[in-house]
Structure formats: C-alpha cells, structure tokens
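A.B. asks: predicted model and sequence below, questions to follow.
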Amino acid sequence: MQFGIFYEHQLPRPWDDDAEHRLLKEALEQVELADHLGIDYAWAVEHHFLEEYSHSSAPEVFLAACSQRTKRIRLGHGIVLMPTAYNHPARVAERIATLDLISDGRVEWGTGSSSSRAELEAFGIDPAQKQAMWEEAVRETTRMMCSTPYPGYQGQHFSMPARNVVPKPLQNPHPPLWLACSNRETIRVAAANGMGALTFAFIDPENARFWVEEYYETFEKKCVPIGRAVNPNVAMVTGLMCHPDSAVAVERGAEGFRFFGYALSHFYITGSHTPGRFNLWEDFQRHAPKEYAPTGGIGNPAQVQANLEKFEAMGVDQVIFVQQAGNNRHEHICASLELFADQVMPTFAQRHPQLATAKAARLAPAIVRAMERIPPLPPAPDPAPLHSYPVLARMAGEPQTDTSAGDDMVAAISGRPE
C-alpha cells in the first residue's frame, strides 16, 4: 500500500491580508517535505467558489510549482473538473501534457464533475447532463493526447475541428486516469472504464472491503477503457495527525478533520450559503460534535499503523491523507509527516513490492482483455490547409487594405521574401 497527501487549500475565516499567500507557500513546503520523506503522491483538487472549504481553483499552477521543488513524488490532479463549461478538453490536454513534461512524467490525472450547486450553476452546467459531459470530455481528451492530428469531433456537449493538440504528454499514451468516487455506484463506473477510484467517502476498513471487491470484480468482468490504457487502483482518504501521544494527535488534528467533513457537507448536502457573507468556521464551532477518538491516521504511531494495516488487508492500494484541514498548523503537519515516515511507513514500504507483484499477476489476464476492448483511434485525417484570415480574404476576392507595413515586418522576422 502506498500513501499520498491531499490538498483542498482550506482557509477558515477570519482571513488576514496574507492568509491565502501563507496557505499556499506552506502547502508547497509540505509537499517538498513529503517528497524528501518518500511519500508517494501529492493530490490537489479543483474547486470554485467553495470559500473556506477549498481555495484550490487553479491546481495546475500549484502542481507545476510542486514539480519544480520535488524529484520523485507523483503529482495528482484530484480532480480536474471535466465538463466543458469548466475546462475545454483541448485545454485540459494541453495543461496535463505540459505538467507531465515539466515534472518528468509524474502526473496522475484524476477526473470528475462536482455536485455542488455553487459550482455547477455558476458555470451553467445542467446537473442532469454532467455525467454525459464528463464521459464525452474524458474520452476525447485522451484521444487528443494520442492523435496527430486529432481528427475533430462533433458531439452533444462540445465540438471542435481537426487540430494537432500539442504538446503531448511524456507518459505514453497519457498519464494514469482516475475518477472521483463518492459511493459504490461511482466505484463501478471507475472500474468499468479502467480508471483508478479516488474515493472520498471516509469509510471504515470493513466497508472498504466491499468497495474494493466490487471495484476489482467489475474491472475483471466488464472493463472497457475510456482512455487508451488502464489504471486498476483504489485509493481512499482519511485524516492524518501522528504524534507519540495520541491525545496530542487528537488535539492537533481532529478538529481540522471534522471541519473538513462539516464543510463538505455544508456545500454538497446540508448547507444554505450566502457567498462572501456566511462564516462557515463560526457555524462549525456552534454545531460540530466535539468528541473524537483516535482513528484512521490520527493517533500515535502504533494506532496509526494498526488502523492502516486494516485498509491494507482489505486490498486498498493507496491511502491519501487529509492534513491541511481547518486550522491545523503548518509545524504540526510537518512534524506529523516526519514521524509517520520514520515510524509507520517503512513497514508498508517493505511489503509493497511483493503485494504489487502479486496484484499485477492476478490482474494480468483482465488487463489483457480490457486492452483488447479499446477501440482503434479514428484514422488520422488529411486535413485541408488552414488559411490565415488575410489569405482567406484574398482567395475570396475581397478588397485588401494596405498591409505593406505588416508585410515588411513579417518578411524581416521570417526571412520570407515579400
């Protein structure tokens, strides 16, 4: 089992003038430390307008900064919002490929569509259509990464003409694909499409077993990849605050993790929010439960290891830790990571190669079957020349304005005769 760290960039009120600047700089330091300690993944979300809960609206910028501070840690979009009103597929292909190139091929490409009213309605997305938008955009974006040129597409939710989308990613055919999963139905969707499952349901290890079993059963029997490769993996999220004294771990980490869950529920399920006015932290302080026992990754090293071994025994491939949550302090986050890496992680790292080899052997026949189901790419077209606007105007016989000054400049730069 491997480990990741997860960033919503949470920022409870009140905010001072330097709050967001400090938040992002501290997060960069944490990712750099995690890379040094041997943590396997760093994930950043994409959300919009979910104030206090998530100030991570441009994860591609944050992950690009991380790529230049780190050497080995995988850099995960957890997730890119794929409906085209959020992000045009060509722009996603360009950004993912660029990040993959500057990170030396370390990108993990998580996908999703969000279900918050604040985001969907602001971008004019019909919730009833978002699944179809997601599917169309993911499929076509992978094709853009693998086609020279991309033959173009006339679809229900977006269309574009033939273009060669550049650059291409370093990882061939594209970075590993994931899907954000909040229930067992989306677990099955991920598996059926050959995508890793990024589960954000905060389930206990016993329930995790059913999710993992359902995922791999679906993958082995029904997988038809949406992309050009498969990524059979299940990742689950929990809190982390490790300290030699479990009471101190709870004191330092439990409130932040509770705020994470409370804020998520506020925007997605239970809340009524007035943009720019509602104080989510104050609301949390009034209504959140106060009792919390060591669980997941919150506790002393022995407790954390015992809890995580339960996930490992259920077949979870990666546990992703929420540390930067609520008002959790930067120095506590860093100390927790260091203690976890020193006293908990080595045992899992020792077992991982053997477990990964056994998993690969078990899934090999299913992977072969799935790869055989990938339809061939449409044949590369022989596109017509794409004339510039002045050329089109001349071809149409339209009156020409005096372009001599521009022609002189172009000739001087290009060396092309007038």
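C.D. replies: Perfect, thanks for sending it.

A.B. asks: going by C-alpha atoms from here, please, whenever you check contacts or count neighbours.
C.D. replies: Fine.

A.B. asks: need the contact list for Gln10.
C.D. replies: Going by CA atoms under 8 Å, 6 or more residues apart in numbering, Gln10 touches Glu52, Tyr53, Ser54, His55, Gln324, Ala325, Gly326.

A.B. asks: which members of the residues you listed are positioned in helices?
C.D. replies: Of these, none are assigned to helices by DSSP state H.

A.B. asks: dump these to JSON lines, plus neighbour count and distance to Leu28.
C.D. replies: Output for the contacts of Gln10, formatted as JSON lines (neighbours: other CA atoms under 10 Å; distance: CA to CA, whole Å):
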{"residue": "Glu52", "neighbour count": "23", "distance to Leu28": "19"}
{"residue": "Tyr53", "neighbour count": "25", "distance to Leu28": "18"}
{"residue": "Ser54", "neighbour count": "22", "distance to Leu28": "16"}
{"residue": "His55", "neighbour count": "22", "distance to Leu28": "14"}
{"residue": "Gln324", "neighbour count": "29", "distance to Leu28": "11"}
{"residue": "Ala325", "neighbour count": "28", "distance to Leu28": "15"}
{"residue": "Gly326", "neighbour count": "24", "distance to Leu28": "17"}
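
A.B. asks: what is the neighbour count of Arg258?
C.D. replies: 19 (other CA atoms under 10 Å).

A.B. asks: same check, this time on Arg13
C.D. replies: Count around Arg13 with other CA under 10 Å applied: 16.

A.B. asks: try Glu185
C.D. replies: 12.

A.B. asks: what ranges does the stretch 101-250 of the chain have for its helices?
C.D. replies: Applying DSSP state H, counting those that start in this stretch to the stretch 101-250 of the chain gives helices spanning 117-122, 130-146, 184-192, 205-222, 246-265.

A.B. asks: for those, which one sits closest to Leu308?
C.D. replies: For the helices of the stretch 101-250 of the chain, distance to Leu308 was read as CA to CA. The smallest value, 8.5 Å, belongs to helix 205-222.

A.B. asks: Arg139: what's it in contact with?
C.D. replies: Taking CA under 8 Å, 6+ apart, one finds Ile226, Gly227 in contact with Arg139.

A.B. asks: what kind of secondary structure is the residue nearest the centre of the chain in?
C.D. replies: For the chain, Gly78 is the residue whose C-alpha lies nearest the centre (CA atoms, centre = their mean; 1.7 Å). Under DSSP: H, G, I helix; E, B strand; the rest coil, the three-state class of Gly78 is strand.

A.B. asks: for it, which residues are in contact?
C.D. replies: Neighbours of Gly78 in contact, by CA under 8 Å, 6+ apart: Trp43, Ala44, Val45, Glu46, Trp109, Gly110, Thr111, Ala180, Leu198.

A.B. asks: so which of those belong to strands?
C.D. replies: Using DSSP state E, the members of the contacts of Gly78 that fall in strands are Trp43, Ala44, Trp109, Gly110, Thr111, Ala180, Leu198.

A.B. asks: I'd assumed Val80 was in contact with the second one.
C.D. replies: No. At 9.2 Å, Ala44 does not count as touching Val80 under the criterion of CA atoms under 8 Å.

A.B. asks: neighbour count: those two, which is higher?
C.D. replies: Shown here are Ala44 and Val80; by other CA under 10 Å, Val80 has more neighbours (27 against 24).

A.B. asks: excluding its backbone neighbours, what's nearest that one?
C.D. replies: Thr111 (4.9 Å; CA to CA, 6 or more residues apart in numbering).

A.B. asks: number of residues surrounding that neighbour?
C.D. replies: 28.

A.B. asks: just checking, it touches Asn87?
C.D. replies: No. Under the criterion of CA under 8 Å, Thr111 makes no contact with Asn87, lying 11.4 Å away.

A.B. asks: Pro376: how many residues sit nearby?
C.D. replies: 8.

A.B. asks: element containing it, please.
C.D. replies: Remark: Pro376 resides in no helix or strand, with elements defined by DSSP states H and E.

A.B. asks: nearest spatial neighbour of Asn328, chain-adjacent residues omitted?
C.D. replies: That would be Gly256: by CA to CA, 6+ apart, it lies 5.7 Å from Asn328.

A.B. asks: now that neighbour: how far from Glu20?
C.D. replies: 17 Å (CA to CA, to the nearest Å).

A.B. asks: output the below-cut-off pLDDT ranges for this structure.
C.D. replies: 292-294, 402-412, 414-418 (pLDDT under 70).
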